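Trainee: Structure for this input, please:
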Amino acid sequence: MDAERELKRAIKSGNGARIAKAFERLYEDNVRLVYRVLIDSFGKDGETDDDIQESFLGLLKDPQRLLTVDRVADYWVQSAKYICGHRKEKQRRLDQMDDESETADQGQSIPDLLQGRELFAKIEAWLGHPDSDIVILKAAYDYTQKEIAERLGMGEDAVCYRYRKAIKELRRRLRDEKE
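Mentor: Residues are numbered from 1 along each chain as shown. Presented below is the predicted three-dimensional model:
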C-alpha cells in the first residue's frame with residue numbers, strides 16, 4: 001500500500017497513532033522529492049529547510065482536507081513551492097527597497113546628515129548594543145556583513161536583519177527629531 005492511501009485510510013479511521021505513523025511515512029517517502037523540486041525551482045538557501053517544514057506542518061494542520069486531494073505528495077510540493085516563492089519575492093522586495101534607500105543616501109556623508117551632532121553617541125543611545133555597533137561598523141567604516149558578523153560573533157543573517165531594523169529605527173528617530 002502506498003503512503004498516500006495509507007494516510008487517507010488512517011485519517012478516516014480517526015486513530016491518532018495510526019495517523020501519526022502514516023504522516024511519518026508520507027514525509028520519509030516524499031521529503032527528498034520536495035527538496036529536489038524547491039532546489040531546482042528556486043535554488044538552495046538557508047531557508048529551504050524551513051519552507052519544507054512549514055509546508056508539511058500545513059498538511060498536519062487540517063488532515064481532513066487531505067481526503068479531498070487526489071495526490072497528497074503533489075499537493076505538498078505545490079504548497080512548498082508557494083511558500084518558498086512567496087518568501088523569495090518578499091526578500092527581493094526588501095532588498096530592492098534597501099538598495100533604493102542606500103542609493104538615495106549616498107550623496108551625503110553621515111556627519112552632514114546630522115550637521116555635526118555627536119553621531120555615535122546618539123546611535124548608541126537610540127539603538128543599544130549590538131545594533132549600534134552594526135550600524136556604525138557598516139555605515140561609518142564600510143565593513144561588510146561578513147566582517148561585522150565575525151567581529152561581533154554573530155551570524156551574517158542576524159547582522160543583515162539587525163542592520164535593516166536599526167536603519168529603519170534611525171530614520172524614524174531622525175524624522176521625529178526634525179519635526
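Trainee: Grab the longest helix from the chain for me.
Mentor: Across the chain, the helix with the greatest residue count (assigned by DSSP state H) is helix 72-105.
Trainee: In that one, which residues are buried?
Mentor: By 16 or more other CB atoms under 10 Å, the buried positions in helix 72-105 come out as 72, 73, 75, 76, 77, 79, 80, 81, 83, 84, 87, 88. C-beta: built from backbone N, CA, C; applies to glycine.
Trainee: so which of these comes closest to residue 157?
Mentor: residue 87 (13.2 Å; CB to CB).
Trainee: so where do the helices sit in this protein?
Mentor: 3-13, 16-42, 48-61, 72-105, 110-114, 119-127, 131-135, 145-152, 156-178.
Trainee: highest average neighbour count across the ones you listed?
Mentor: helix 131-135 (a mean of 22; mean count of other CB atoms under 10 Å).
Trainee: Would you mind checking the average pLDDT for that one?
Mentor: Average pLDDT, helix 131-135: 85.
Trainee: hmm, who's touching that helix?
Mentor: Helix 131-135 is contacted from outside by 120, 123-124, 126-127, 148, 152, 159, 162-163, 165-167, 169-170, using CB atoms under 8 Å, 6 or more residues apart in numbering.
Trainee: Ok, stretch 40-51 next?
Mentor: For stretch 40-51, the external contacting residues (CB under 8 Å, 6+ apart) are 35, 38, 39, 80, 81, 83, 84, 85, 87, 88, 157.
Trainee: any chance of those residues in TSV, plus pLDDT?
Mentor: Supplementary listing: these in TSV, determined by pLDDT from 0 to 100:
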residue	pLDDT
35	89
38	87
39	88
80	91
81	90
83	90
84	87
85	87
87	85
88	84
157	86
